[in-house]
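Below are the sequence and a predicted model for it; my questions follow.
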Amino acid sequence: MNNSYLTSIFTNCINKLSIDIDLTELQFDTPKDIKHGDLSTNIAMRLTKKLKKSPHLIAQDIIDNLEYDKDLIENISIAGAGFINIKFTNKYYQQELQKIYSAGDEYGKIDIYKGKKINVEYVSANPTGLLHLGHGRNAAIGDTLANIYQWCGADVTREYYFNNAGNQMNNLTKSIYARYMQIIEDENFPFPEDGYHGSYVKIIAEELVKKYDKQLTNIEDKNTFKTIKDFGESWCFDKIRKTLDKMNVHQDIFFNEDSLYKDGKIVDVLSELKEKDLSYEKEGATWFALSKLGLESDRVIVKSTGEPTYRLPDIAYHREKLKRGYDLVVDLFGADHIATVPDVLAGVKALGFDVNKVKVIIHQFVTLMENGEQVKMSKRTGKSYTLDDLLDEVGADVVRYFLIMRSVNTHLEFELSIAREQSDKNPVFYLQYAHARICSILEKLKNENIDLTKIKNADLSYLNDDSEIKLIKTLILFPQMLQIAAEKSEPHILCEYLKDVAAAFHVFYHNCRIIGSEENILISRLLLSNAAKTVLRNGMRILGVSYPEKM
RNA sequence: GCGCCAGUAGCUCAGCUGGAUAGAGCAUCAGCCUUCUAAGCUGAGGGCCAUUGGUUCGAAUCCAAUCUGGCGUGCCA
């Protein structure tokens, strides 16, 4: 945590004392116990070895030489093993609140990624079926991260990569065909062993019957095969896009793997690897010599059938993204894709690109639960709970929030019974309720005989209640929380933070009346409520959750 | 076997670039609505931070080993 005012006065002091220290070690934390002050630093303890003095003596030395504004800092003291604790005055917080109010709707925007071009690739499901909850987590995290980067000043491109060729699509085509034949010819027509068992395949087949009647019985015919495949693909893609739309996920670029072949990028990569002596032929296949790059074993990149494995296009695709000039290329994968990461990165590096510009985020799985029992979501079984079903049932707000409220690298349990519940058990409503409450006050005030323009010149020295100061303290943290969430690529940090904001507001609301208070108090509390509303609304915007004015 | 992720309250999870008495929500129990939305607030109980060692002023956090669960370890993506 940083605090510009404290950093400056401590830096001056350290320079004055001629202490030789890396100033990045100077950090301020919020103590768990409020009795220890508002912020504290362990700098004295960190200096014990270097200065060969007890932390208490060092701390005392620092405090004696600190020059600070007594209007802003109430006191600085030593405690515990040598912590330096700082307590700000209410005036300090009142001033900080004024800054938030001045920033208005823009409050929270920071510029750590200003001028940076960032590409975030997410969802990227092939059009072989419907999206499930795992894709939902990917979509929610990816979309929220993209929002976070934007608030950090970046120029963000949202991308979806898909493959409508290859084995998976052929498999889908054969599956649809089998269902089609079962309808029009023989209900015992054999279903492919590795086929897609999802009930959606039957629906596609039914629609196929409606449109083509019995014209598609010969799958050996290339045109017939293509007709079925194209039909299945566009059916799936249409559903996928509608689902994402429902979830308020909108991507800028839909990149088709196929274009890498058409534009010769696959061949390029292959020949470059060959030139660099990083590929070789064995058993009819082409191998990528990963062992030469420090990895454990070599892998096939072109099968003996002549088709590339996923590694080759993945490498080509990443190279293309980097060529487009992004400063950062973010990939979001489910845990089942982890195996591809080292190979692709090694490939990108071997082709001479900076792998540090590629950031791979792996999220763990989602388990759908209902009253403590696991609900199956598998594509292979006929019965499945799709993302679309879930969006229809509980709405985009709940789905998005539930899927980002946990750290990306923990397994996530999505409890349907709670998601369905429109009550205090459901954490989304806690945030939305706080926002709606504020809006409700503002609405009521319109009917009171009060000059609301006075808010511009509000005298904030009227804000001294513990709950008022606590709320300001929480609101101040917004930009820092955004930065941490961006740097750690962890959207859930914002969820946790907004919960704190809502809680601080609810306590303030409970303790401090607005309507009916003396005018100076009313106006200053109104300003504070407005600031809270701004933070909640901006935060929920980033999460992609709506912020209703009434509930 | 090897690699990645996880193991913290009854349940779901924060905290993990080392700091002071380990937190939240739900569940349980006890309070608070004639005043701006009770989808709220206040309080209580609930813990061997998987286990064992190590590193040091200090370890839930770092290191090692072990145990448990998830996901990988394809000429599938």
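Arrived safely, thanks for sending. Here the structure is a predicted model, which is why all the values come from computation and not from measurement.

Low-confidence regions, the stretch 351-500 of chain A specifically.
Scanning the stretch 351-500 of chain A for pLDDT under 70 picks out the ranges A:377-384.

who in it is up against RNA strand B?
A:362, A:364-365, A:372, A:406-407, A:409-413, A:415, A:422-427, A:429-430, A:433, A:436-437, A:439-441, A:444, A:484, A:490, A:492-493, A:496, A:499 (CB under 7 Å from any atom of the strand). Just so you know, the C-beta spots here come from the backbone N, C-alpha and C atoms, and that holds for glycine as well.

Just the buried ones among those, please.
A:364, A:406, A:412, A:415, A:426-427, A:429, A:433, A:436-437, A:439, A:441, A:490, A:492-493, A:499 (16 or more other CB atoms under 10 Å).

between the residues you listed, which is closest to residue A:514?
residue A:441 (5.7 Å; CB to CB).

Show me what the helix or strand where residue A:160 lies is packed against.
Take DSSP states H and E as the rule and residue A:160 turns out to sit in strand A:155-162. Contact here means 3 or more CB pairs under 8 Å, 6 or more residues apart in numbering; DSSP states H and E; on that basis strand A:155-162 packs against strand A:117-121, helix A:133-151, strand A:253-256.

hmm, who's touching the helix or strand containing residue A:271?
Here residue A:271 sits within helix A:265-275, counting by DSSP H and E. The contact list for helix A:265-275, computed with CB atoms under 8 Å, 6 or more residues apart in numbering, reads A:260, A:279, A:286, A:288, A:301-302, A:308, A:312-313, A:315-316, A:319-320, A:347, A:350-351.

Any quick PyMOL command for the buried ones out of those residues?
Remark: buried members of the contacts of helix A:265-275, expressed as a PyMOL selection using 16+ other CB under 10 Å:
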select buried, chain A and resi 260+279+286+288+301+302+308+312+313+315+316+319+347+350+351
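
on that earlier part again, if you count neighbours, what's buried in the helix holding residue A:271?
For helix A:265-275, a neighbour-count test (16+ other CB under 10 Å) marks A:265-266, A:269-270, A:272-273 as buried.

And stretch A:513-528, by the same measure?
A:514, A:521-528.

Of these, which ones also sit close to RNA strand B?
Counting by CB under 7 Å from any atom of the strand, the members of the buried residues of stretch A:513-528 near RNA strand B are residue A:514.

Tell me where the stretch 1-150 of chain A has helices.
A:4-16, A:43-46, A:48-51, A:55-65, A:90-103, A:133-151 (DSSP state H, counting those that start in this stretch).

wait, what's in contact with residue A:338?
residue A:362.

quick one on the thing from earlier: biggest separation within the contacts of helix A:265-275, which pair?
Farthest pair in the contacts of helix A:265-275, by CB to CB: A:286 and A:320, 20.4 Å.

Restricted to helices, list the buried residues of stretch A:513-528.
When these are checked against helices (DSSP state H), the matches are A:521-528.

possible to save these as JSON lines with pLDDT?
Converted to JSON lines, those look like this (pLDDT from 0 to 100):
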{"residue": "A:521", "pLDDT": "95"}
{"residue": "A:522", "pLDDT": "95"}
{"residue": "A:523", "pLDDT": "95"}
{"residue": "A:524", "pLDDT": "97"}
{"residue": "A:525", "pLDDT": "97"}
{"residue": "A:526", "pLDDT": "96"}
{"residue": "A:527", "pLDDT": "97"}
{"residue": "A:528", "pLDDT": "97"}
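
would CSV of those residues with distance to residue A:81 be doable?
Putting those into CSV (distance: CB to CB, whole Å) gives the following:
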residue, distance to residue A:81
A:521, 42
A:522, 45
A:523, 45
A:524, 39
A:525, 40
A:526, 44
A:527, 40
A:528, 36
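
Between those residues, which sits nearest residue A:542?
Using CB to CB, these come closest to residue A:542 at residue A:528, 21.6 Å.

How about the contacts made by the residue lying closest to residue A:543 once chain neighbours are set aside?
Nearest residue to residue A:543, sequence neighbours excluded (CB to CB, 6 or more residues apart in numbering): residue A:144, at 5.8 Å. Contacts for residue A:144 (CB under 8 Å, 6+ apart) come out as A:400, A:404, A:491, A:494, A:542-544.

comparing the helices of the stretch 1-150 of chain A, which gets the lowest mean pLDDT score?
Ranked by mean pLDDT, these bottom out at helix A:48-51, which scores a mean of 79.

Near RNA strand B, which residues of the stretch 151-300 of chain A? Just list them.
Near RNA strand B, when you scan the stretch 151-300 of chain A using CB under 7 Å from any atom of the strand, you find A:163, A:166-168, A:257, A:282-285, A:296-297, A:299-300.

Repeat the analysis, applying 6 Å as the threshold.
Residues of the stretch 151-300 of chain A lying near RNA strand B by CB under 6 Å from any atom of the strand: A:163, A:166-168, A:283-285, A:299-300.

quick one: which two of those are the most distant?
A:163 and A:283 (25.1 Å).

Neighbour count for the two, which is higher?
residue A:163 (21 against 7; other CB atoms under 10 Å).

For the more buried one, which non-adjacent residue is closest in space?
Closest to residue A:163 by CB to CB, 6+ apart is residue A:257, at 4.1 Å.

list the contacts for the one you found?
A:161-165, A:313, A:317.

from those, which is closest to residue A:334?
Distances from residue A:334 to the contacts of residue A:257, taken as CB to CB, are shortest for residue A:161 (14.0 Å).

Alpha carbons of stretch A:179-191, as CSV, please.
Presented in CSV, the C-alpha positions along stretch A:179-191 are these (Å, rounded to 0.1, in the frame of the first residue of the first chain):
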residue,chain,number,x,y,z
ARG,A,179,-29.1,-38.1,-35.0
TYR,A,180,-30.4,-37.0,-38.3
MET,A,181,-30.4,-40.6,-39.6
GLN,A,182,-32.1,-41.8,-36.4
ILE,A,183,-34.9,-39.4,-37.1
ILE,A,184,-35.5,-40.0,-40.7
GLU,A,185,-34.4,-43.6,-41.2
ASP,A,186,-33.6,-45.8,-38.3
GLU,A,187,-33.8,-45.0,-34.6
ASN,A,188,-30.9,-47.5,-34.1
PHE,A,189,-28.6,-45.9,-36.5
PRO,A,190,-25.1,-46.2,-34.9
PHE,A,191,-23.9,-43.1,-33.0
